[in-house]
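>>> Got a predicted model here, sequence first, then my questions.
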Amino acid sequence: MNKIICNSIEFVFVTEFAHMVSGQITLNPDAEWRNLNATEKPVYRAEIKQADSGPTKEETVTVTTRNDSSAVLKLCSNFPVILRLKTDSSTFLVGTIRYPAITEISSDEIHDNYTFKSKSTP
């Protein structure tokens, strides 16, 4: 399944969560959602894979932004995150406290390319 996402994607580090119940997140008092402003439409992909141990849901979000060497996510890319994405009709999360998204970043002089991957049980 692919979805077209609005240009603004928000993220929070897993350590900034107070708790999560039924998809509703409460952040620690000093935490807030941070924007990752895309220069092109981000792309969301999800698929269910069957394995001997049971099904696994794999989600991937790719985002291109302007190059920013001081971007907090770029400086802390080894910390797991939860993404909040918006389409024209809904808002949804990628990653959970138990199954957070892991960030991969590649850069050139003009763009930063982020790939977020999360694996969970469906």
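Arrived safely.

>>> In three-state terms, label the residue most central in space within the chain for me.
Centroid-nearest residue in the chain, with Cα atoms, centre = their mean: Leu83, separated by 3.4 Å. Assigned by DSSP: H, G, I helix; E, B strand; the rest coil, the conformation of Leu83 is strand.

>>> Would you map the helices across the protein?
Taking DSSP state H, the helices of the chain run over residues 72-75.

>>> Select the helix or strand of it having the lowest average pLDDT value.
strand 2-4 (a mean of 64; mean pLDDT, DSSP states H and E).

>>> on that earlier part again, please tell me I have it right and the residue nearest to the centre of the chain contacts Thr96.
No: Leu83 lies out of contact with Thr96 (Cβ atoms under 8 Å); the separation is 10.8 Å. Where C-beta positions appear, they are placed from N, C-alpha and C, glycine not excepted.

>>> What does the pLDDT read for the residue of the chain most remote from its centre?
In the chain, counting by Cα atoms, centre = their mean, Asp52 sits farthest out from the average C-alpha position, at 27.3 Å. pLDDT, Asp52: 86.

>>> Check the residue nearest to Tyr114 when sequence neighbours are not counted and give its pLDDT.
Take Tyr114 and drop its neighbours on the chain: the residue closest to it by Cβ to Cβ, 6 or more residues apart in numbering is Val63, 4.5 Å away. Val63 is assigned a pLDDT of 93 by the prediction.
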